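A.B. asks: sequence and predicted structure below; questions after.
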Amino acid sequence: MSTVAKSAESLLMAMELSNSDWKLAFGSGGRMRKVTVEAGDVVGLREAMMRARHKFGLGPAVEVVSCYEAGRDGFWIHRMLEAEGVDNLVVDPASIERPRRARTVKTDRLDAEKLLEMLERWVRGEKRVWRVVRVPEAAEEDARQLHRELERLKKERNEHLSRIRSVLVLHGVRIKSVSAHTVGAVRDWQGCELGEGVRQDLNRELARLELVRGQIAEVESIQKEALKVPANEAQRKAQKLLRLRSVGPVSSWTLSHEFFGWREFDNRRQVGASAGLTGTPYASGQSSRDQGISKAGNPRVRRVMVELAWSWLRYQPHSELSRWFWRRFGHGTSRMRRVGIVALARKLLVALWKYVEKDELPAGAVLKAA
């Protein structure tokens, strides 16, 4: 994003987005103007900015600085505003300060006014007033759809499997493998054929299951071919991660496309914080405790890293990270090992970042055989 000028002549615009309409709050030189436009009405938004310039006595070439909270609408609004010459910020909603009263007034109009007030402070130089989201390029965002679709398809597959097994349990039948053959041969608890209604229900559920299984196989085939012949930077990093023992295609693809492929980090603290794997201490007076990890980053990366940490202990037992874990948590309870695996996940994420960006192989780690 370009550097925002701290001129009093800038037109500030805060947007509170909803599914039906957008609440706009304009400000300049201490004055405020509130407008409502229909959600998605780009022409109406452009006209609202023109009228705000006219009301505030600003020229058509005056700089416009806007902001909105990251949410359901994603980043297309940001790209549209940037194309209109607007200097836009996408704000992390969790970083916006809230009143600490037990019961507070909350409306879209007040939220827009609050955003405008904080935008004015940000323009004046209070850069810590909130956190600004790093917006990916359109191609980078598009590259993340494949593994996210695969994630949804696997979840849908499990739902179909659970539904089929639940219907069969109602008739005293339990099966491990679900297919058209196994379900077709099922008899109820007394050896009789299932009713016609149950059969039709199971057949339709099986058809949906087979469709999902076919789509999963198709997506996995696309991923496999991309890992063989990478076409972009994220795929090349995924291929590099895949060379490490314990790292599989799912974790390498997710880490490269969600984290390493489009994010730039200056140090290990930024890496841990972006994944939400940093601690949140609470110290006040004589009270001092840790509240656990912040969970402020990408949940997919956290989930993959915890799974990968367990896999790392199994397939990289002689690495320095594995030895550190067993020295620190190996003699503790199962709960302490679960706590320790999160700490290992953060250390491992930093080590993988150094490996991907700086070619520093994790100490004691082994690569897969060619």
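C.D. replies: That came through fine. Numbers count the residues shown, from 1 in each chain.

A.B. asks: CA only for contacts and neighbour counts going forward, please
C.D. replies: Fine.

A.B. asks: list the buried residues of stretch 313-331.
C.D. replies: Within stretch 313-331, the residues that count as buried by 16 or more other Cα atoms under 10 Å are 313, 315-317, 319, 321-323, 325, 329.

A.B. asks: could you redo those as a markdown table and give each row pLDDT?
C.D. replies: Converted to a markdown table, the buried residues of stretch 313-331 look like this (pLDDT from 0 to 100):
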| residue | pLDDT |
| --- | --- |
| L313 | 96 |
| Y315 | 96 |
| Q316 | 96 |
| P317 | 95 |
| S319 | 96 |
| L321 | 96 |
| S322 | 96 |
| R323 | 96 |
| F325 | 96 |
| F329 | 93 |
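
A.B. asks: out of the residues you listed, which comes closest to G85?
C.D. replies: The closest of the buried residues of stretch 313-331 to G85 turns out to be L321 (Cα to Cα; 48.4 Å).

A.B. asks: for that closest one, what are its contacts?
C.D. replies: Contact analysis of L321 by Cα atoms under 8 Å, 6 or more residues apart in numbering lists 344, 347-348, 363.

A.B. asks: now do 10 Å
C.D. replies: Neighbouring residues of L321 by Cα atoms under 10 Å, 6 or more residues apart in numbering: 309, 312-313, 327, 344-345, 347-348, 351, 362-365.

A.B. asks: of all these, which two lie farthest apart?
C.D. replies: Maximum distance among those (Cα to Cα): 18.6 Å, for R327 and A351.

A.B. asks: hang on, the earlier thing: which two in the buried residues of stretch 313-331 are spaced the farthest apart?
C.D. replies: Y315 and F329 (18.0 Å).

A.B. asks: I'd like to know how many residues surround the nearest residue to L11 once chain neighbours are set aside.
C.D. replies: Spatial nearest neighbour of L11, chain neighbours left out: V64 (4.7 Å); criterion: Cα to Cα, 6 or more residues apart in numbering. Applying other Cα atoms under 10 Å, we find 22 residues neighbouring V64.

A.B. asks: is it true that V64 touches V123?
C.D. replies: No - at 11.5 Å, V64 does not count as touching V123 under the criterion of Cα atoms under 10 Å.

A.B. asks: ok, back up a step: relative to W22, how far out is the residue nearest to L11?
C.D. replies: 17 Å (Cα to Cα, to the nearest Å).

A.B. asks: D201 too?
C.D. replies: D201 is 44 Å from W22, by Cα to Cα.

A.B. asks: neighbour count: those two, which is higher?
C.D. replies: W22 (22 against 12).

A.B. asks: list the buried residues in stretch 257-268.
C.D. replies: Buried residues in stretch 257-268 (16+ other Cα under 10 Å): 257-262, 268.

A.B. asks: start and end of that stretch, how far apart?
C.D. replies: Span of stretch 257-268 from end to end, Cα to Cα: 19 Å.

A.B. asks: distance from that stretch to the middle of the chain?
C.D. replies: Centroid separation for stretch 257-268 versus its chain: 13 Å, with Cα atoms, centre = their mean, to the nearest Å.

A.B. asks: repeat that for stretch 15-29.
C.D. replies: Taking mean C-alpha positions (Cα atoms, centre = their mean), stretch 15-29 and its chain are 25 Å apart.

A.B. asks: cool, and stretch 254-272?
C.D. replies: On Cα atoms, centre = their mean, the centre of stretch 254-272 falls 13 Å from that of its chain.

A.B. asks: got it, and stretch 154-168?
C.D. replies: Counting by Cα atoms, centre = their mean, stretch 154-168 is centred 26 Å from the centre of its parent chain.

A.B. asks: equivalent analysis for stretch 273-284, please.
C.D. replies: Using Cα atoms, centre = their mean, the offset of stretch 273-284 from its chain centre is 18 Å.

A.B. asks: ok, stretch 304-311 next?
C.D. replies: So, by Cα atoms, centre = their mean, the centroid of stretch 304-311 is 17 Å from its chain's centroid.

A.B. asks: in that stretch, what's buried?
C.D. replies: Per 16+ other Cα under 10 Å, stretch 304-311 contains these buried residues: 304-306, 308-311.

A.B. asks: in CSV, list those residues along with secondary structure, pLDDT and distance to G285.
C.D. replies: Listed next are these as CSV, based on DSSP: H, G, I helix; E, B strand; the rest coil; pLDDT from 0 to 100; distance: Cα to Cα, whole Å:
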residue, secondary structure, pLDDT, distance to G285
V304, helix, 95, 37
M305, helix, 95, 35
V306, helix, 95, 34
L308, helix, 96, 38
A309, helix, 96, 36
W310, helix, 96, 37
S311, helix, 96, 41
